[in-house]
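In: got a predicted structure plus its sequence, pasted below:
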Amino acid sequence: MLLFIFVLAIVGTAIWAFLDRNRPSYNKLFYWLTVVVRYYVGFTMLSYGAVKVFKLQFPAADPFRLVQPYGESSPMGLAWTYMGYSEGYNFFTGAAEMLGGILLLFRRTTTLGAMVTFGVMGNVMAMNYSYDIPVKILSSMLVFMSVFLMAKDIRRLYHFFIVNKTAAPANIAQPPIRNRKWRVALVVIKTLLLTYYIGMGLYDSATSLKKYGDNAPKPPLYGIYNVETFVLNNDTLPPLQTDTLRWKQLVVGGYRGYTNAYLKSMSDTMRYHAWRLDTTEKKVTLFTWSDTTAKYQLAYHFPDKEHLEMRGTYKNDSVFIRMATYDLNKFLLKNRGFHWINEYPFNR
């Protein structure tokens, strides 16, 4: 599709240049094209930044991430865990993105906004390429659009940053609009547009925190459970590492209303299951998205605060599983915290 758009643009430009070859310049068209580009990039940066400021894009490591072997994580999963660890770093990067977006929404600060956006999105683009993260094309286009917005001031930037010469004032004048009603209408439209987009963006991000942010309600049974006893068809299975039937761990993650579960066998094979919980009947239904007809129901209860027991049918076998709850705060990633001074690098 991009190749088609690129070819279409080249062909269209050639035809246009030939048919309108007597026109010396397109100052008005260039101005309004710049307006469209900077508003598109500005609004996109506000969206990019808001989901980081409110820490929605990169959640903290859930139970599955905490038990997943380090080498089994994908490059994108590694980047998501890295970003999701720190609220402060999310706020810092999100605020920088939002700053670039806000600056692009006003003529006087367009060049500064393009410079900030170029730096911020250059880093995002590098992460997307280096960690195999989707949205490579969009992040690249935002970088190219930032360059486009800086291009008209390239001589001024060169004089200021490189050769230490006086930079002439930029020409940021809007093409004259003689009709006063149109001038007023443009101001009103811009004010309403900015108020609505920024206001709704912040409101949606704030309300989303209650649905799937780090502070969203966790689903019942959220956590990690180590299997102590596994009875299959009235036969207690020993914890042999070669056993592919016996469970080793149950990992429950996600958010309230969107729960997922992973079953780890003794051979450390992880099997993903959709998870439907009935807290009234104290029953859980497990199934896979590849075969939603094969559903397994297990009754559960907590005999004490440190154990979970399940009983029912799983894959046509009767099972009884007794599991010990594992405190998530025992993980170093959870309990290390912040230290002003380290006598030695704590690199584990």
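Out: Right, received. Where do you want to start?
In: going forward, measure contacts and count neighbours with C-alpha atoms only.
Out: Will do.
In: distance of the residue nearest the centre of the chain from residue 277?
Out: Centroid-nearest residue in the chain, with CA atoms, centre = their mean: residue 57, separated by 2.9 Å. As judged by CA to CA, to the nearest Å, residue 57 and residue 277 stand 26 Å apart.
In: tell me where the protein has strands.
Out: Taking DSSP state E as the test, the strands found in the chain are 223-232, 235-236, 247-255, 258-265, 270-278, 283-288, 291-304, 307-314, 317-326.
In: just give me the neighbour total for the closest residue to the residue nearest to the centre of the chain other than its chain neighbours.
Out: Nearest residue to residue 57 in three dimensions, chain neighbours excluded: residue 51, at 5.4 Å (CA to CA, 6 or more residues apart in numbering). Neighbour count for residue 51, taken as other CA atoms under 10 Å: 23.
In: now do the contacts for residue 51.
Out: Listed by CA atoms under 8 Å, 6 or more residues apart in numbering, the contact partners of residue 51 are 57, 94, 205.
In: from those residues, which is closest to residue 189?
Out: Closest to residue 189 out of the contacts of residue 51 is residue 205 (23.7 Å), distances taken as CA to CA.
In: how deep is the nearest residue to residue 236 once chain neighbours are set aside tucked in, by neighbour count?
Out: The shortest distance from residue 236 to any non-neighbouring residue, by CA to CA, 6+ apart, is to residue 230 (5.8 Å). Residues near residue 230, counting by other CA under 10 Å, number 22.
In: which residues touch the nearest residue to residue 323 once chain neighbours are set aside?
Out: Distances taken as CA to CA, 6+ apart place residue 227 nearest to residue 323, at 4.2 Å, with adjacent residues excluded. By CA under 8 Å, 6+ apart, the contact list for residue 227 reads 247-250, 321-324.
In: give the buried residues for stretch 315-331.
Out: Going by neighbour count (16 or more other CA atoms under 10 Å), the buried part of stretch 315-331 is 319-325.
In: which one of the residues you listed is nearest residue 150?
Out: residue 325 (56.2 Å).
In: relative to residue 36, how far out is the closest one?
Out: For residue 325, the distance to residue 36 - CA to CA - is 55 Å.
In: next one: residue 327
Out: 52 Å.
In: kindly report the same for residue 348.
Out: Relative to residue 36, and taking CA to CA, residue 348 is found at 48 Å.
In: kindly report the same for residue 342.
Out: 49 Å.
In: and these two? which has more neighbours close in?
Out: More crowded of residue 342 and residue 36, by other CA under 10 Å: residue 36, with 12 against 7.
In: quickly list the domain ranges of the protein.
Out: 2-212, 223-330 (automatic domain parsing).
In: closest one to residue 337 among these?
Out: Of all the domains of the chain, domain 2-212 sits nearest to residue 337, with 10.1 Å by CA to CA.
In: and the end-to-end length of the closest one?
Out: Chord length of domain 2-212, first to last residue, is 33 Å (CA to CA).
In: let's have the domains of the chain in a markdown table, adding distance to residue 337 and mean pLDDT.
Out: Converted to a markdown table, the domains of the chain look like this (distance: least, CA to CA, whole Å; pLDDT from 0 to 100):
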| stretch | distance to residue 337 | mean pLDDT |
| --- | --- | --- |
| domain 2-212 | 10 | 91 |
| domain 223-330 | 11 | 90 |
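In: make TSV from these and add distance to residue 338 to it.
Out: Output for those, formatted as TSV (distance: least, CA to CA, whole Å):
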stretch	distance to residue 338
domain 2-212	10
domain 223-330	15
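In: how far away is residue 36 from residue 289?
Out: From residue 36 over to residue 289 the distance is 43 Å, taken as CA to CA.
In: go on, residue 208?
Out: Taking CA to CA, one finds residue 208 at 26 Å from residue 289.
In: more crowded one of those two?
Out: Remark: of residue 208 and residue 289, residue 208 carries more neighbours, 16 against 10, as counted by other CA under 10 Å.
In: what about the helices in the stretch 1-150 of the chain?
Out: With helices called from DSSP state H, counting those that start in this stretch, the stretch 1-150 of the chain shows them at 2-19, 27-53, 63-67, 75-85, 87-104, 110-130, 136-151.
In: give me the buried positions along the longest one.
Out: Of the residues in helix 27-53, 34-35, 37-53 count as buried by neighbour count, 16+ other CA under 10 Å.
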